[in-house]
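Peer 1: quick one, fold the following:
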Amino acid sequence: MVNRNGSSAEQGAAIREALAFERSGARHATAGPRRLWTPHTTGRRPPTRPAVPEGTDPGAPIVNAAGRLAEVCGHLSVVRRYRAGTLVFQQGELPDQFYQLLSGRVQIFLGHPEGHEHVLAIVEPGGLFGEAACFGGLPYYTSAVTVQPSTIRIYPLVAVLEVMRSKPDLSLEIIRGLARKLHLFAVQLETTSFRKASERLALLLSKLAVYYGIPLPRGKGTRIGVRLSHEGLARMIGATRVTVTREIGALVRDGILAQEKRNLIVLRHERLLRRAGLF
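Peer 2: Here you go, the predicted model:
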């Protein structure tokens, strides 16, 4: 658990450093793409297909190793195209390959036997995903589904491991990337578990501004360059749409946010971080 009563300034600095690192990162298939998710995909009742939020998750796993990996191991990979709504891998499967998104968008989620799901991340182009379970020799602990038509590079684990044995710099980059992901997911867990809804929303909007922000002329703020529905934001932070609508209204009234059609503009980033409880 993060000590929220300790040095909150240090927490804020650590999160901003991790976000800056991730933003600076790079933006053998044995079976073909899986068929679309339907109630008959497996013998048991699967979780319902996740609703696709219009926003994107700031926890999108993007690591610096992606560019180096493609450079060294690209010839070992297979590139496939997936229709929207196609499962790339499913929770509980044993992995022998991992993935890099070249175009489109992929949603990482946890399914529950009751039929609901929890969105963990939205992978943007350049992002690696599925590699943690693959290198750990464990079943996938999440599922991945395309939410747009997507092009994905598939790396076979055994062949990549052979290359890594002779390329320690590649191994080090992958280890660093995995460590950063672990840190960011720990931050995300702390955010969803130990913060109020208003703080969770403020932190999410701050991270979206870091990842997808478009600076406006004459210092008039930062436009979040993805369309965000209140329902999508609510799914990301584990709150209701009504709560998100209320909190965004409060941020607008306080001069921290502005709304431009379906886009949000962050006017006062430091105040947004204070609202998230980081100062």
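Peer 1: and the host helix or strand of R81, which residues are buried?
Peer 2: Assigned by DSSP states H and E, R81 falls within strand 78-82. Buried residues in strand 78-82, counted by 16 or more other C-beta atoms under 10 Å: R80, Y82. In this view, the C-beta of every residue, glycine as well, is placed from N, C-alpha and C.
Peer 1: so what strands line up beside that strand?
Peer 2: strand 150-156 (antiparallel) (DSSP bridges).
Peer 1: put the alpha carbons of the partner strand into CSV.
Peer 2: The C-alpha atoms that make up strand 150-156 are tabulated as CSV, following Å, rounded to 0.1, in the frame of the first residue of the first chain:
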residue,chain,number,x,y,z
SER,A,150,-5.8,-3.8,-35.6
THR,A,151,-2.4,-4.9,-37.0
ILE,A,152,-0.3,-6.9,-34.5
ARG,A,153,3.2,-8.2,-34.5
ILE,A,154,3.4,-11.7,-32.9
TYR,A,155,6.7,-12.8,-31.3
PRO,A,156,7.4,-16.5,-30.6
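Peer 1: which parts of the following helix or strand past that strand are buried?
Peer 2: Downstream of strand 150-156, the first helix or strand assigned by DSSP H and E is helix 157-166. Residues of helix 157-166 classed as buried by neighbour count (16+ other C-beta under 10 Å): L157, V160, V163, M164.
Peer 1: what comes into contact with helix 157-166?
Peer 2: 28, 69, 72-73, 76, 95-98, 134-135, 170-171, 174 (C-beta atoms under 8 Å, 6 or more residues apart in numbering).
Peer 1: and those, which two are furthest apart?
Peer 2: Distance extremes for the contacts of helix 157-166: the farthest pair is V72 and P95 at 20.2 Å, using C-beta to C-beta.
Peer 1: which residues of the chain fall in strands?
Peer 2: 78-82, 87-89, 97-103, 106-111, 117-123, 128-129, 143-146, 150-156, 213-215, 222-224, 257-260, 263-266 (DSSP state E).
Peer 1: in the fourth one, what's buried?
Peer 2: Read it as strand 106-111. In strand 106-111, counting by 16+ other C-beta under 10 Å, buried: V106, Q107, I108, F109, G111.
Peer 1: picking up where we left off before, in a markdown table: the strands of the chain, plus distance to R275 and mean pLDDT.
Peer 2: Shown next, in a markdown table, are these (distance: least, C-beta to C-beta, whole Å; pLDDT from 0 to 100):
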| stretch | distance to R275 | mean pLDDT |
| --- | --- | --- |
| strand 78-82 | 38 | 96 |
| strand 87-89 | 36 | 95 |
| strand 97-103 | 32 | 93 |
| strand 106-111 | 27 | 84 |
| strand 117-123 | 22 | 75 |
| strand 128-129 | 30 | 89 |
| strand 143-146 | 32 | 93 |
| strand 150-156 | 34 | 95 |
| strand 213-215 | 17 | 87 |
| strand 222-224 | 15 | 91 |
| strand 257-260 | 10 | 92 |
| strand 263-266 | 11 | 92 |
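Peer 1: what's the most buried one of those strands?
Peer 2: Ranked by mean neighbour count, the strands of the chain are led by strand 128-129 with a mean of 26 (mean count of other C-beta atoms under 10 Å).
Peer 1: quick one on the thing from earlier: closest to K196 among the buried residues of helix 157-166?
Peer 2: Nearest member of the buried residues of helix 157-166 to K196, counting by C-beta to C-beta, is L157, at 41.3 Å.
Peer 1: distance check, the closest one against R165.
Peer 2: Using C-beta to C-beta, to the nearest Å, L157 is found at 13 Å from R165.
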